[in-house]
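Engineer: just need the structure, nothing else, for what follows:
(chains A and B, ligands or ions: 1)
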Amino acid sequence: MTYSKEKIGRLVEEARVHRSVYTDPELFELEMDRIWGHSWVYVGHESQLAKPGEFITTTVGKEPVILVRDKADAIHVLYNRCGHKGSKVTARPCGKNSVFRCPYHGWTYQLDGKLQMTPHKIGYENTGFDPEDPQFSLRPVARVASHRGFVFACLASDGPDFREFMQDTIATIDNMVDRSPEGEVEVVGNCLPYMHDCNWKMFVENLNDAVHPMVAHASVGKATEKLMKSLPEGTPYPPEAEIIFPFGSAYDLFDSMKVTTMPYGHSYMGGEQSIHTGYSDIPGYFEALVAGHGEDKAKTILSRNRHNTTVYPSFTIKDAVQVIRVVRPISVNQTLIQSWHFRLKGAPEQLLHRTITYSRLINSPASMVGPDDWDVYSRMQESLQSNAAEWVDMHRYLGRDELVEDSDLKRAPGTSDLTMRNQYQAWLEYMTVETAA
Amino acid sequence: MSVDIREIEDFLYAEADLLDRTDLENWMALFTDDGTYWMPVREDQDDPLNEISILYENRTLMAIRCNNFGHRLAPSMEYPVRCNHIISAVRVTGEDEARGLLTVTSKFQAVVCYREQTLYAGRYTHRLQKEPDGYKIRQKRVDLINCDANHKSLLIYI
Ligand SMILES: [Fe+2]
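Structural biologist: Purely as a prediction, here's the structure:
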């Protein structure tokens, strides 16, 4: 191993990181074990497996897994690896099974992963083969937790429990679900996948980077403005313009939104107000929310307005628009981003239309926002190979964080690099823990 | 309604040619005022409003895209976009004589050169409105055969 604890420690300083954290395949492999193998990683939402036998497949770090509901309604996260010779037992992104049957030699498994049957048993007689031995099952991951339908898994049996890990980000999930008059959300449709030619951390860092929109997304703001100016005076803003416009907002607006960080690398932007605050009200929604929760709670729910919350390293959520983006690292320079969309049960359907429109305009690989982010990430990925300089800077608003009383939270103006510095603090802690090996 | 298949083919060729020349302004002028362009993310998707799509754009968004295309401030626009469409198997699959509406399906392959060269292929479904001076597009639906693949950035309509 070429990376000692000391050597890793030298890659992260107070306000800069060494470029190799984005480019070195060996560090990527270490991250897959030490960060993605030890944090709580988002797997999927329970509404994707409404009935017993329904499942989805995905990855936790580099591990292929199955999220499945068994016949007793319990949720399991199983390694998608046959206990016999290691074949994936299913290659489908989702489906419904009564058992999992390996397509190679026909070993079958119950929905909880237990080995049910191996064909032609006679061959195993008197060989010492024990079908009860857990090594021959579809093995469960070490820990699974679910909060209001959002399922997370941790591949390590040690480390913080789920609630400790989530910190104050749990309030963002709660806020999104509480925005449903029935207090429940469900996934609608397929995910929208978008393959990025960059290291996963570039995407995660960008989510609460409020210094880039007025530069990287300036053109779409101006393009929208130009259209509005060409229309007769007094023409109301089309809903699409309402979504796109704030992406070109001034630094002051983003500064006033504030960023808040917490242990384990998590952060959120906004709070009382965000760039989503100005959306037109949807008729009937507030009334439905009051009917479901009472007026006081309804007002409290709508007054919380976090722009974006990042649960480091895998999960980012916009509670006010009911969209999540999930990070799936592929290699040191490739990252798959999946956008998933949620219906607020009991809310007027225009809310879902807005969710869908928002994501298409911001997250789609064919949007006028995502490709500009994509492009700057890939530029960095390419040019950080250069030997011209070794460091990547994170000095903005350094030393001007405020500590939030009685908590582990830190707060800074929205355009601070605090969220990135905080992520690298967590990165360093994960990457330099003493390992048994 | 008498349908001249050659006239429809010519219309589709001319439309694709405007995309090949990245002439979005004249391309969007082919649409009716309530016209839409739809690229689903799922096979057999039948709802653009309640489910995510790769693209679902009305004239407002087409106009914004027109203003944004090639914009000097957009990092993604610092590279040329070049396309080449091939269309075949053009067939009229539906006709609503009273409203002057036609449904036309065709197969396409579009090679797009943007940073790298990518081949998109699939089926077009055009809903065309017969007007005194020719056809207008009520909806162009683009079903990619790999609609649910892990796409990279797509900068232009296919
Ligand atoms: Fe951005």
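
Engineer: got any ranges where chain B has weak pLDDT?
Structural biologist: Applying pLDDT under 70 to chain B flags the ranges B:1.

Engineer: what residues does it have near chain A?
Structural biologist: B:39, B:41-42, B:45, B:49-56, B:58, B:60-61, B:63-68, B:71-78, B:148-155 (CB under 8 Å from any CB of the partner chain). From N, CA and C alone the C-beta is placed, and that goes for glycine too.

Engineer: of those, keep whichever come out buried.
Structural biologist: Burial by neighbour count, 16 or more other CB atoms under 10 Å in any protein chain shown: within those this picks out B:39, B:41-42, B:45, B:51-56, B:60-61, B:63-68, B:71, B:73-77, B:148, B:150-155.

Engineer: just these: which are in strands?
Structural biologist: Judged by DSSP state E, those include B:39, B:53, B:54, B:55, B:56 as members of strands.

Engineer: which residue ranges make up the domains of chain A?
Structural biologist: A:41-147, A:189-432 (automatic domain parsing).

Engineer: for the residue of chain B most remote from its centre, what are its contacts?
Structural biologist: Largest separation from the mean C-alpha position in chain B: residue B:73, at 25.7 Å (CA atoms, centre = their mean). Neighbour list for residue B:73: A:215, A:218, A:219, A:222 [criterion: CB atoms under 8 Å, 6 or more residues apart in numbering or on different chains].

Engineer: any chance you could list what contacts stretch A:367-376?
Structural biologist: A:194, A:196-198, A:203, A:206, A:212, A:216-217, A:219-220, A:223, A:244, A:247, A:360-365, B:64-65, B:68, B:74-76, B:78, B:152-155.

Engineer: let's see it at 6 Å
Structural biologist: Counting by CB atoms under 6 Å, 6 or more residues apart in numbering or on different chains, stretch A:367-376 makes contact with A:196, A:216, A:217, A:220, A:361, A:362, A:363, B:68, B:74, B:75, B:76, B:153, all of which sit outside it.

Engineer: distance between that stretch and the chain's centre?
Structural biologist: 18 Å (CA atoms, centre = their mean, to the nearest Å).

Engineer: tell me where chain B has helices.
Structural biologist: B:5-20, B:24-28, B:59-68 (DSSP state H).

Engineer: dump those to a markdown table, plus distance to residue A:14.
Structural biologist: Shown next, in a markdown table, are the helices of chain B (distance: least, CB to CB, whole Å):
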| stretch | distance to residue A:14 |
| --- | --- |
| helix B:5-20 | 50 |
| helix B:24-28 | 47 |
| helix B:59-68 | 39 |
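
Engineer: of all these, which lies closest to residue A:181?
Structural biologist: Residue A:181 lies closest to helix B:59-68 among the helices of chain B, at 30.3 Å (CB to CB).

Engineer: only alpha carbons, please: show the closest one as PDB.
Structural biologist: C-alpha atoms of helix B:59-68 as PDB (Å, rounded to 0.1, in the frame of the first residue of the first chain):
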ATOM      1  CA  ARG B  59     -42.700  26.900 -27.500                       C
ATOM      2  CA  THR B  60     -41.500  28.900 -24.500                       C
ATOM      3  CA  LEU B  61     -38.700  26.500 -23.700                       C
ATOM      4  CA  MET B  62     -37.800  26.200 -27.400                       C
ATOM      5  CA  ALA B  63     -37.500  30.000 -27.500                       C
ATOM      6  CA  ILE B  64     -35.300  30.000 -24.400                       C
ATOM      7  CA  ARG B  65     -33.200  27.200 -25.900                       C
ATOM      8  CA  CYS B  66     -32.900  29.100 -29.100                       C
ATOM      9  CA  ASN B  67     -31.500  32.100 -27.200                       C
ATOM     10  CA  ASN B  68     -29.200  29.900 -25.200                       C
END
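
Engineer: show me the contact partners of that helix.
Structural biologist: By CB under 6 Å, 6+ apart, helix B:59-68 touches A:219, A:220, A:223, A:224, A:226, A:227, A:238, A:240, A:368, B:24, B:25, B:28.

Engineer: where does the third one fall, secondary structure wise?
Structural biologist: Element membership for residue A:223 (DSSP states H and E) is helix A:218-230.

Engineer: next, the angle helix B:59-68 makes with that helix.
Structural biologist: For helix A:218-230 against helix B:59-68, the angle by axes from the mean of the first three to the mean of the last three CA atoms, to 10 degrees is 120 degrees.

Engineer: quick one: average pLDDT of the helix or strand just after helix A:218-230?
Structural biologist: Following helix A:218-230 in sequence order, the next helix or strand is helix A:239-244 (DSSP H and E). What helix A:239-244 shows for mean pLDDT is 84.

Engineer: which other helices and strands contact helix A:239-244?
Structural biologist: Here helix A:239-244 touches helix A:218-230, helix A:349-362, going by 3 or more CB pairs under 6 Å, 6 or more residues apart in numbering or on different chains; DSSP states H and E.

Engineer: most neighbours per residue, which of those?
Structural biologist: Of all the helices and strands packed on helix A:239-244, helix A:349-362 carries the top mean neighbour count, a mean of 21, counting by mean count of other CB atoms under 10 Å in any protein chain shown.

Engineer: and it with chain B, contact?
Structural biologist: Yes: Helix A:349-362 lies within reach of chain B by CB under 6 Å from any CB of the partner chain, at A:352, A:353, A:356, A:359.

Engineer: okay, the angle between that helix and strand B:53-57?
Structural biologist: Taking the same axes, to 10 degrees, helix A:349-362 and strand B:53-57 form an angle of 100 degrees between their directions.

Engineer: next one: helix A:349-362 to chain centre, how far?
Structural biologist: 19 Å.

Engineer: next: stretch A:120-129.
Structural biologist: 45 Å.

Engineer: please apply the same query to stretch A:382-401.
Structural biologist: Remark: stretch A:382-401 is offset 24 Å from the chain centroid, using CA atoms, centre = their mean.

Engineer: can it be said to contact chain B?
Structural biologist: No: shown here: stretch A:382-401 not in contact with chain B (CB under 6 Å from any CB), separated by at least 11.1 Å.

Engineer: give me the contact list for that stretch.
Structural biologist: Applying CB under 6 Å, 6+ apart, the contact partners of stretch A:382-401 are A:15-19, A:22-23, A:410, A:412-413, A:416-418, A:420-421.

Engineer: and with 8 Å instead?
Structural biologist: Looking at stretch A:382-401 with CB under 8 Å, 6+ apart, the contacting residues turn out to be A:13-19, A:22-23, A:211, A:410-413, A:415-418, A:420-421, A:424.

Engineer: could you list which of the residues you listed belong to strands?
Structural biologist: A:16, A:17, A:18, A:410, A:411, A:412.
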